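J.: A structural model of the following input is requested.
(4 chains)
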Number of protein chains: 2
Amino acid sequence: MRILIVEDEPGIYNFLKQGLEEESYAVDIAEEGKKGLHLALSGDYDLLLLDWMVPGMSGIEICRQFRKEFKDTPVIFLTAKDTVDETIFGLQAGANDYIKKPFHFEELLERIKVQLRPKSGEHSIFKLGNITLNTTTHQVLKAEEVISLTQKEFALLEYLMRNKGIVCRRSRIIESVWDIHFEYNTGVIDVYINALRKKLKLGEDENYIQTVRGVGYVAKEI
Amino acid sequence: MRILIVEDEPGIYNFLKQGLEEESYAVDIAEEGKKGLHLALSGDYDLLLLDWMVPGMSGIEICRQFRKEFKDTPVIFLTAKDTVDETIFGLQAGANDYIKKPFHFEELLERIKVQLRPKSGEHSIFKLGNITLNTTTHQVLKAEEVISLTQKEFALLEYLMRNKGIVCRRSRIIESVWDIHFEYNTGVIDVYINALRKKLKLGEDENYIQTVRGVGYVAKEI
DNA sequence: TTTGTACCATGAGAATTTTAATTGTAGAAG
DNA sequence: CTTCTACAATTAAAATTCTCATGGTACAAA
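T.: Coordinates of the predicted model:
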């Protein structure tokens, strides 16, 4: 597995390079933004580690450009900032995960493994209109705004978004999201659909979660 | 797959026989208790459907006798009574599930499928001292008493009992029961262990859930 | 069009689950 | 044997999740 690190501080990239090579990843370094993007676009890499701030071109811009070509290669941001405003753009640019400096190497390694594990098929980012859902960071954005959801709300939205365009019957939802088999005579789903619509502020014009009478619900871009 | 039905009412057993044969199960009927037990002990069956009350010998007694010989063959009770007292003995006698009359055929079919699915390995009943836990009915007994547990309490107890005798580290428990990966700096487990010990009334003499300092917990028969 | 019925939306309250703070205790170090 | 410290037990309160009751609305039948 080949990893590209775009980072200008030698202290950090040497530490990462050594650690990752011990885990038998092939690691390349780019100390400058444009060179980083150029290397990334060569398509030789299975994963990108991008520093937030690098000379020449911001990590975000690299990510955005890279995403146009490579839709499935995971991108992880290394960021010193944990302010909401900043990470939003990272996720919108198509990052799969981010980790705050300073971080434990073990934790980064875990996250890299998570991203590389599925490799085929499994996506971690789903889009529905102007809604973005990221399964690894467990975050949801509507346009530029972070929407705070509870576990169950998130799980339900994830299920609907994974099945975008497909009508989800109540029984399936209950099985997948609530892990209840036989007996689906409960009203929980409705309550949570209600909560989602409220938190996501889905009005008439943005009716992304539609009711299918007698069956269930669909996530649709109108 | 071969199913034995022990039931004396022709109305019921004909209905069942026809429905199950349409689902391509091979079905035999015993209208009387002793004959039922005799057939069951022949070992020709993959699943038993026992009526609560049959002439000659009670379903419970058949179940108990049958269990001595066949530990892994699932037994489902058909019962008109849903009083706690009655079902207790059914579960204690080693039944895997029960269904109350009148029932929908679909539901019975589902339960039969659930019982036949794992077939190899997977058990649905776990014992720990005088505690019995049944994963399909989601019931827990201590001696003769039904212990009412919440979802999470049940899930934690199930995990510990599935790993009887093995020390379970907190991180594993959090992963399996709570589905949380990385970050296990939460105190939930302790709180639930506490709740379990209380509800199960585990005193000094019955310390079935033991603390392993610095690591986690074990379920042990002292 | 009107009426009826079954299904869905919504809100409030109950139960469960989680967090967080305090108290207690085992085992190590002195 | 004492003291200290890190971990576990316990409790209370906050947050989430679920249930239940009410009101609304789509669709079918008259």
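J.: Would you tell me which residues of chain A are close to DNA strand D?
T.: By C-beta under 7 Å from any atom of the strand, the residues of chain A that approach DNA strand D are A:150, A:151, A:152, A:153, A:178, A:186, A:187, A:188, A:191, A:192, A:213. From N, CA and C alone the C-beta is placed, and that goes for glycine too.
J.: Sitting in helices, which of those do you find?
T.: A:151, A:152, A:153, A:188, A:191, A:192 (DSSP state H).
J.: show me where chain A has strands.
T.: Assigned by DSSP state E, the strands in chain A fall at A:2-6, A:26-30, A:47-51, A:75-79, A:97-100, A:125-128, A:131-134, A:139-142, A:145-147, A:168-169, A:209-212, A:216-219.
J.: Strand partners (parallel or antiparallel) of the second one?
T.: In other words, strand A:26-30. strand A:2-6 (parallel) (DSSP bridges).
J.: Buried ones in the strand it pairs with, by neighbour count?
T.: For strand A:2-6, burial by neighbour count (16 or more other C-beta atoms under 10 Å in any protein chain shown) applies to A:3, A:4, A:5, A:6.
J.: Mind picking the two most distant members of the ones in helices among the residues of chain A next to DNA strand D?
T.: Farthest-apart pair in these is A:151 and A:191; separation 14.5 Å (C-beta to C-beta).
J.: ok, the buried residues of strand A:2-6 vs chain B, which is closest?
T.: In terms of C-beta to the nearest C-beta, no member of the buried residues of strand A:2-6 lies closer to chain B than residue A:3, at 19.3 Å.
J.: which sections of chain A are below the confidence cut-off?
T.: Residues of chain A meeting the criterion pLDDT under 70: A:80-92, A:101-102, A:118-123, A:182-184.
J.: Write out the residues of it neighbouring DNA strand C.
T.: A:187, A:190, A:191, A:193, A:194, A:197, A:211, A:212, A:213, A:214, A:215, A:216.
J.: and among the strands of chain A, the most buried is which?
T.: strand A:47-51 (a mean of 26; mean count of other C-beta atoms under 10 Å in any protein chain shown).
J.: Starting from it, tell me which strands it pairs with and how they run.
T.: strand A:2-6 (parallel), strand A:75-79 (parallel).
J.: Can I get the ones you listed in CSV including distance to residue B:94?
T.: Formatted as CSV, these follow (distance: least, C-beta to C-beta, whole Å):
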stretch, distance to residue B:94
strand A:2-6, 54
strand A:75-79, 52
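J.: And the residue nearest to the spatial centre of chain A, how far from DNA strand D?
T.: Geometric centre of chain A, nearest residue: residue A:134, 3.2 Å, by C-alpha atoms, centre = their mean. Residue A:134 sits 18 Å away from DNA strand D, going by C-beta to the nearest atom of the strand, to the nearest Å.
J.: now swap in residue A:36 and tell me
T.: Taking C-beta to the nearest atom of the strand, one finds residue A:36 at 38 Å from DNA strand D.
J.: the domain parsing of chain A - what is it?
T.: A:2-122, A:127-219 (automatic domain parsing).
J.: Among the ones you listed, which comes closest to residue B:95?
T.: Of all the domains of chain A, it is domain A:127-219 that lies closest to residue B:95, at 17.1 Å by C-beta to C-beta.
J.: What is the distance between the closest one and the centre of its chain?
T.: On the basis of C-alpha atoms, centre = their mean, to the nearest Å, domain A:127-219 sits 17 Å off its chain's mean C-alpha point.
J.: That domain: end-to-end distance?
T.: Domain A:127-219 has an end-to-end distance of 10 Å (C-alpha to C-alpha, to the nearest Å).
J.: before we move on, what about stretch A:36-48?
T.: By C-alpha to C-alpha, one end of stretch A:36-48 lies 10 Å from the other end.
J.: for stretch A:18-38, same thing?
T.: Terminal-residue distance, stretch A:18-38 (C-alpha to C-alpha): 23 Å.
J.: how about residue A:158, what does it touch?
T.: A:126, A:133, A:135 (C-beta atoms under 8 Å, 6 or more residues apart in numbering or on different chains).
J.: ok, and the closest non-adjacent residue to the first one?
T.: What that stands for is residue A:126. Excluding the flanking residues, the one nearest residue A:126 by C-beta to C-beta, 6 or more residues apart in numbering or on different chains is residue A:161, at 4.1 Å.
J.: Could you check how far that neighbour is from residue A:221?
T.: 11 Å (C-beta to C-beta, to the nearest Å).
J.: again, but for residue A:36
T.: 33 Å.
J.: And those two? Which one has more around it.
T.: Between residue A:36 and residue A:221, counting by other C-beta atoms under 10 Å in any protein chain shown, residue A:36 is the more crowded of the two (27 against 12).
J.: That one: what's it in contact with?
T.: A:4, A:6, A:30, A:50, A:54, A:56, A:57, A:62.
J.: Of all residues in chain A, which one is closest to DNA strand D?
T.: The minimum distance from chain A to DNA strand D, using C-beta to the nearest atom of the strand, falls at residue A:150 (2.5 Å).
J.: Neighbours of that residue, how many?
T.: 11.
J.: For residue A:161 and residue A:221, list the residues in contact with both.
T.: In contact with both residue A:161 and residue A:221: residue A:128, using C-beta under 8 Å, 6+ apart.
J.: filter the residues of chain A next to DNA strand D by proximity to chain B?
T.: When C-beta under 8 Å from any C-beta of the partner chain is applied, no member of these is adjacent to chain B.
J.: Write the ChimeraX selection for whichever of those residues are buried.
T.: Typed into ChimeraX, the line below selects the buried ones among the residues of chain A next to DNA strand D, using 16+ other C-beta under 10 Å:
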select /A:153,178,188,192
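J.: Give me the distance between the residue nearest to residue A:126 and residue B:98.
T.: Remark: distance between residue A:161 and residue B:98 (C-beta to C-beta) = 39 Å.
J.: cool, residue A:130 as well?
T.: Distance of residue A:130 to residue B:98, given as C-beta to C-beta: 50 Å.
J.: wait, residue A:49 sits on residue A:3?
T.: Yes. With contact defined as C-beta atoms under 8 Å, residue A:49 and residue A:3 form a contacting pair (6.3 Å).
J.: Now list whatever residues contact both of those two.
T.: Common contacts of residue A:49 and residue A:3 (C-beta under 8 Å, 6+ apart): residue A:112.
J.: and residue A:33, what does it touch?
T.: Contacts for residue A:33 (C-beta under 8 Å, 6+ apart) come out as A:6, A:54, A:55, A:56, A:57, A:58, A:59, A:61, A:62.
J.: Swap in 10 Å and give it another go.
T.: A:6, A:8, A:50-51, A:53-59, A:61-62 (C-beta atoms under 10 Å, 6 or more residues apart in numbering or on different chains).
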